[in-house]
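Novice: the following block contains a protein sequence and its predicted model.
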Amino acid sequence: MNALLICNVGGRDVSHPDRPKNLHSERQWAQTALAQYPELCDTFRLPIIRKALHYLATRHVILDQVILIASDQPPPPVGNAQFWSSDTIYSAQIIARLLCDGLTPYPRLNEQQIEIWTIQTEDGQGCDPSDYDLTLRFLERQLAELRRVYPHHTAFFEVTGGTPAMTTGLLIAGTETFGGQTEILSVHPYQELPIALNTGKRLLATPLRASLRSHAASYAYDAAARTFREHKSIITDRLEPTAARLIASLLAYAHHRFNFDFASARDALQRVGDAGPWQAELDSLLAQVNQLALAPVDQLVRQCRLAELVHGAAARYQIGLYADFLTQVVRFEENLLRYLCIQQRAQFLDRQQQIDPDGTYLARKWLRQQKFTLSRDRDPKRDLIVDRSVMQELLAHLFDQAQPDQRNLLMAIDRLGKLVKRRNRLTHHLEGVQKADLARDFAGPQAPPAAADQIVPHLEQLYEQVCRQPLPPSPYQHINQLLDRLLQATQT
C-alpha cells in the first residue's frame, strides 16, 4: 500500500530524558535541542508519532510523503508573545531530521519525502493554531493540493498532537478531501499502538447513505448501485452484515425491474442466499418477478404486467420524466386494448403465422368468421397488421353496444388518445413536453397544468375496471422502504 502520513505536531511530540522542558517554552526548548541535534539525536523521544510510525512499519505501508503540521507565528510585538513561544516549528524540524536519519521505528526517508506545513493565512502569514476557522481553511487548501498530487494514495492522519483546532481541522478537512482513502490514527498514552479510528468512514457514511436513498427515491437505481460499488466499505461500515450483503442485489433487482427486464431481476435475487430477517420480503419480491417473467403470457401474467406499467408510469410522472411517462402510457393503452381483444377471443399471429397473443397480425382465418369488416381490412388474402386504432375499432364491433359499461370503457380508454399522439410526435420530431401539455391533451385546451395529475389515477381506474381487481401496491415503494431499513440496521 502506497500512502501518506499527515501528523499534527504539538508540545508533547518531542522530548528528551535528560532535558526536561520545565519552565522553557516549546519554541525555546526545541530550538536549543535542534542546535545540539548531533549529540542528542540518539536519545530523543517521540511519544506520539513514534507509535504511528511503528504501526505503519509493521504493516509494511510504503510512505511516499510525510507531512508534519506545525505552527510558526510572527514574533512580538506583531504576534502574541505567549502564543509565539508555544510554536512547534522547531519540534517539527527535529522530527524531520530523525526521519531522514532513520532514527524512528520507520525505515529511513529521504529529505524530499518530508515536508513541514506551518499553519498560515491565505496571504502566507503565520497564524494562531488554536483558531478553528483559520486552521480548518488552511488545512482544506493544503490537503486539496496534496490530493491532486496523490489522487490514489491512502492518507493516514495522526490527529493526537497539536491544538484541539488542529485535531478537529485535520479530522474534517482530511475526511472531506480524501474520502474513502482516509485512515485516522489516534494515539493513547497507555497503549503501544495507535487506535485506527473509523471516524472518517462515519463522517462520510451518513451523506453517502442519504445519497443512496435519494437515488432510490427518484428511481435512479443504477446510479445508486454505482455509488454503492464505489463507496461500499464506507456505506456498509457498522451495518448488520446480512443487510450489507443484500444492498447490491436489491439495487440490481430494482434497476432491472424498473426497466421491465424481469429475468435479470429474478437472477439478481436468486443469487442472494440466506437473507436473514429480510428473507420473507426478498422471497415476496422474487415471487413477483418469477410471475412477471413467465412465458407464455397467460391472463394472470398479462394483468401483472399491466399493473407494472401503471406503476412505471406513476414513477416517471412523479420525477418529471414526461417523455418517458408518455411511453409508459402508450404501452399501457395498447396492451390494455390487446388484453380486451384477447378476452373477446380475437386471434393474433406472429410474423411466422403462428398463433401468438402478442403477435403483429390479426389472423385472416379468424377475421373471415366475423360478421363485420374493419375499415383498414382491404386485402382479404393477407393477415391484418394490428395497431391501437385497429384494436379500438375491433372492440367497438366485439363489445355488446347495448351494455353501457363497455361503451363507457372504450370512451375512457380513448381519453388517452391525444397523449398517445403527442408521444408519437415526440418520436418523429425534436419537440419537448411539459406538464401543461399533458394537462391539455388529457383534460382539454383550457385545463390548468395540475389537471395532468389525474392521468395516473385514470390509468389505475382503467386497470381496475378491465382486470376486475384492485391495483397491487407499488413494488418500488416496497423496495425503497426495504433499502431504508437495510441502511438503518446499524450496530451499536
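Specialist: Cool, the structure landed.
Novice: just for the stretch 51-200 of the chain, where's the confidence low?
Specialist: 78-81, 189-191, 193, 195-200 (pLDDT under 70).
Novice: same thing but at 80, please
Specialist: 77-82, 180, 188-200 (pLDDT under 80).
Novice: just the strands in it please.
Specialist: 62-70, 114-118, 154-158, 182-186, 195-197 (DSSP state E, counting those that start in this stretch).
Novice: which one of the ones you listed is the most hemmed in?
Specialist: strand 154-158 (a mean of 25; mean count of other CB atoms under 10 Å). Bear in mind the C-beta positions are built from the backbone N, C-alpha and C, glycine included.
Novice: looking at this protein, which residue lies furthest from center?
Specialist: Farthest-out residue of the chain from its mean C-alpha position, per CA atoms, centre = their mean: K371, at 58.7 Å.
Novice: quick one: low-confidence parts of the stretch 251-400 of the chain?
Specialist: 400.
Novice: please enumerate the strands of it.
Specialist: Counting by DSSP E, counting those that start in this stretch, the strands of the stretch 251-400 of the chain are 348-349, 361-362, 384-385.
Novice: okay, the strands of the stretch 51-200 of the chain in TSV with distance to L410 next?
Specialist: Conversion of those to TSV gives the following (distance: least, CB to CB, whole Å):
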stretch	distance to L410
strand 62-70	74
strand 114-118	77
strand 154-158	67
strand 182-186	64
strand 195-197	68
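Novice: so which of the ones you listed is nearest Y253?
Specialist: strand 182-186 (31.6 Å; CB to CB).
Novice: tell me the strands beside the closest one, with direction?
Specialist: strand 154-158 (parallel), strand 195-197 (antiparallel) (DSSP bridges).
Novice: just how off-centre is stretch 88-98 within its chain?
Specialist: On the basis of CA atoms, centre = their mean, to the nearest Å, stretch 88-98 sits 43 Å off its chain's mean C-alpha point.
Novice: doesn't E431 lie inside a strand?
Specialist: No: per DSSP: H, G, I helix; E, B strand; the rest coil, E431 lies outside any strand segment and is coil.
Novice: and the strands of the stretch 51-200 of the chain: which comes nearest F332?
Specialist: Of the strands of the stretch 51-200 of the chain, nearest to F332 by CB to CB is strand 182-186, at 48.5 Å.
Novice: pull that closest one out as CSV, backbone CA atoms only.
Specialist: The C-alpha trace of strand 182-186 is given here as CSV (Å, rounded to 0.1, in the frame of the first residue of the first chain):
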residue,chain,number,x,y,z
THR,A,182,-8.9,8.3,4.8
GLU,A,183,-7.4,6.5,7.8
ILE,A,184,-7.5,8.2,11.2
LEU,A,185,-4.9,7.2,13.8
SER,A,186,-5.3,8.2,17.4
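Novice: dump the strands of the stretch 251-400 of the chain to a markdown table, plus distance to E176.
Specialist: Shown next, in a markdown table, are the strands of the stretch 251-400 of the chain (distance: least, CB to CB, whole Å):
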| stretch | distance to E176 |
| --- | --- |
| strand 348-349 | 60 |
| strand 361-362 | 62 |
| strand 384-385 | 61 |
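Novice: which stretch among those comes nearest V289?
Specialist: That would be strand 348-349 among those, by CB to CB, at 25.3 Å.
Novice: how about residues contacting the closest one?
Specialist: 338, 341-342, 355-363, 383, 386 (CB atoms under 8 Å, 6 or more residues apart in numbering).
Novice: give me the buried subset of these.
Specialist: By neighbour count, with 16 or more other CB atoms under 10 Å, the contacts of strand 348-349 hold 338, 341-342, 356-357, 359, 361-363, 383, 386 as buried.
Novice: pipe those residues into TSV and attach distance to F138 per row.
Specialist: TSV is the format used below for the buried ones among the contacts of strand 348-349 (distance: CB to CB, whole Å):
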residue	distance to F138
R338	68
C341	73
I342	72
D356	71
P357	71
G359	71
Y361	75
L362	77
A363	80
D383	78
V386	71
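Novice: pull the CA atoms of the longest helix belonging to the chain into CSV?
Specialist: What stands out as the longest helix in the chain, according to DSSP state H, is helix 322-343. Output of helix 322-343 as CSV, limited to C-alpha atoms (Å, rounded to 0.1, in the frame of the first residue of the first chain):
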residue,chain,number,x,y,z
TYR,A,322,-42.7,13.3,-19.0
ALA,A,323,-41.4,11.9,-22.3
ASP,A,324,-40.7,8.5,-20.6
PHE,A,325,-44.0,8.8,-18.9
LEU,A,326,-45.8,9.1,-22.2
THR,A,327,-44.0,6.0,-23.4
GLN,A,328,-45.4,4.0,-20.5
VAL,A,329,-48.9,5.5,-21.2
VAL,A,330,-48.8,4.3,-24.8
ARG,A,331,-47.6,0.8,-23.7
PHE,A,332,-50.3,0.6,-21.2
GLU,A,333,-53.1,1.7,-23.5
GLU,A,334,-52.1,-0.6,-26.4
ASN,A,335,-51.6,-3.6,-24.2
LEU,A,336,-54.9,-2.9,-22.4
LEU,A,337,-56.7,-2.9,-25.8
ARG,A,338,-54.9,-6.2,-26.7
TYR,A,339,-55.9,-7.7,-23.4
LEU,A,340,-59.5,-6.8,-24.1
CYS,A,341,-59.3,-8.2,-27.6
ILE,A,342,-57.9,-11.5,-26.3
GLN,A,343,-60.8,-11.7,-23.8
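Novice: list the buried ones in it?
Specialist: For helix 322-343, by 16+ other CB under 10 Å, it's 322, 324-342.
Novice: circling back: for D400, state which of the buried ones among the contacts of strand 348-349 is nearest.
Specialist: C341 (14.8 Å).
Novice: hang on, the closest one packs against F399?
Specialist: No: if you go by CB atoms under 8 Å, C341 and F399 don't touch, sitting 10.5 Å apart.
Novice: show me where the stretch 51-200 of the chain has helices.
Specialist: 81-85, 89-100, 132-149, 164-178, 199-217 (DSSP state H, counting those that start in this stretch).
Novice: of all these, which one comes closest to V9?
Specialist: Once these are compared by CB to CB, helix 89-100 is nearest, at 4.5 Å.
Novice: helices or strands up against that closest one?
Specialist: With contacts defined as 3 or more CB pairs under 8 Å, 6 or more residues apart in numbering; DSSP states H and E, helix 89-100 has these neighbours: helix 26-35, strand 62-70, strand 114-118.
Novice: for L286, find the nearest of the ones you listed.
Specialist: Nearest to L286, of those and by CB to CB, is strand 62-70 at 46.2 Å.
Novice: so what are the sheet partners of that closest one and their directions?
Specialist: Going by DSSP bridges, the partners of strand 62-70 are strand 2-8 (parallel), strand 114-118 (parallel).
Novice: which residues are in contact with Y219?
Specialist: 254, 258, 315-316, 319, 476 are the contacts of Y219 under CB under 8 Å, 6+ apart.
Novice: between the strands of the stretch 251-400 of the chain, which one is closest to N8.
Specialist: Per CB to CB, nearest to N8 of the strands of the stretch 251-400 of the chain: strand 348-349, 75.4 Å.
Novice: just the contacts of strand 348-349 now: which is nearest L34?
Specialist: Nearest member of the contacts of strand 348-349 to L34, counting by CB to CB, is D358, at 84.8 Å.
Novice: re the thing from before, can you redo the helices and strands packed on helix 89-100 as JSON lines with distance to P47?
Specialist: Conversion of the helices and strands packed on helix 89-100 to JSON lines gives the following (distance: least, CB to CB, whole Å):
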{"stretch": "helix 26-35", "distance to P47": "14"}
{"stretch": "strand 62-70", "distance to P47": "15"}
{"stretch": "strand 114-118", "distance to P47": "19"}
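Novice: if anything else comes up later, I'll come back, but that's it for now.
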